[in-house]
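*Asks:* sequence and predicted structure below; questions after.
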Amino acid sequence: MIGYLSGKVKFVFGDACILDVNGVGYRIFVDERTRQTLSVGAAAEFFIHTAVREDAINLFGMTERTTFELFELLLTVSGIGARSALAIVSKISAADFARAVAAQDVKTLTRLPGIGKKSAERIVLELKEKILILAENFPAQIQSAPTPSAALQEASEALEALGYSAAEISTALQNSPPDATVDRLIKLALAQLNRFA
């Protein structure tokens, strides 16, 4: 199994690149973030996942270790294959994914390509323990993120319906009293949001 490749980028096309390693060209499927960093003729190093099927052997590569670790972690979830995992890591950073799983934020996960509510719930269920390994690379608050209360979740949904982004809502609610009601949470958040408007 190939786990790492280093060489020069020969071509970049679609969702893949050709990496020249001592005269041998390896076709590597890459995520969007990785592809945007590649330059033809430039040196590049890839962490490689080798996917072996009956009809093909495909290489999936990332230049960032945390992205690669997330990709491999996603492959442990039932129903997620290499192509689906690649699409997911193209749309969310490893840190944001870790936060979403740690907080059991199903809504954020359902925004990812190919992930419905049931798939998102399965990701949380199957990765909530494993994500701590990935989270070791990020701030401690990810590792100990509390499960959002029903009131907090409801307040977040109400604020989102008003047009606020997830980032704005998260910032506005981060210091809210843990025993606050939905109405109280919304009022506190709106006060914060209007202050910075």
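*Replies:* Happy to help now that I have it.

*Asks:* for the rest of this, base every contact and every neighbour count on C-alpha atoms.
*Replies:* OK.

*Asks:* what score does P146 have for pLDDT?
*Replies:* Turning to P146, the model gives it a pLDDT of 46.

*Asks:* sorry, slip of the keys, the one I care about is D96.
*Replies:* Looking at D96, its pLDDT is 88.

*Asks:* next, it: phi, psi?
*Replies:* phi -70, psi -40 (degrees, to the nearest 10).

*Asks:* the chain should start at 44 in everything you say after this.
*Replies:* Done: numbering now begins at 44, and the last item shifts to D139.

*Asks:* what's the burial count for it?
*Replies:* Neighbour count of D139, defined by other CA atoms under 10 Å: 14.

*Asks:* give me the number of residues near L216?
*Replies:* Neighbours around L216, by other CA under 10 Å: 19.

*Asks:* once you drop chain neighbours, what's closest to it?
*Replies:* Closest residue in space to L216, ignoring its immediate chain neighbours: A232 at 5.8 Å, by CA to CA, 6 or more residues apart in numbering.

*Asks:* which ones are touching the one you found?
*Replies:* By CA atoms under 8 Å, 6 or more residues apart in numbering, the contact set of A232 is I212, A215, L216.

*Asks:* and the helix or strand harbouring the first one, what's buried?
*Replies:* I212 is located in helix 209-216, with elements delineated by DSSP states H and E. Buried positions in helix 209-216, judged by neighbour count with 16 or more other CA atoms under 10 Å: I212, A215, L216.

*Asks:* do me a favour and average the pLDDT over the helix or strand following that helix.
*Replies:* Sequence order places helix 225-238 as the next helix or strand after helix 209-216, per DSSP H and E. Averaging pLDDT along helix 225-238 yields 82.

*Asks:* the chain: helices as residue ranges?
*Replies:* Here the chain has its helices, by DSSP state H, at 75-80, 108-117, 125-134, 137-145, 149-152, 160-170, 174-178, 183-186, 193-204, 209-216, 225-238.

*Asks:* E97 is nearest to which of those helices?
*Replies:* helix 125-134 (14.9 Å; CA to CA).

*Asks:* work out the gap between the closest one and the centre of the chain.
*Replies:* Put simply, helix 125-134 sits 9 Å off its chain's centre (CA atoms, centre = their mean, to the nearest Å).

*Asks:* ok, residues contacting the helix holding I212?
*Replies:* The contact list for helix 209-216 (CA under 8 Å, 6+ apart) reads L195, S199, L202, E203, L228, L231, A232, L233, Q235, L236.

*Asks:* average pLDDT for it?
*Replies:* Average pLDDT, helix 209-216: 81.
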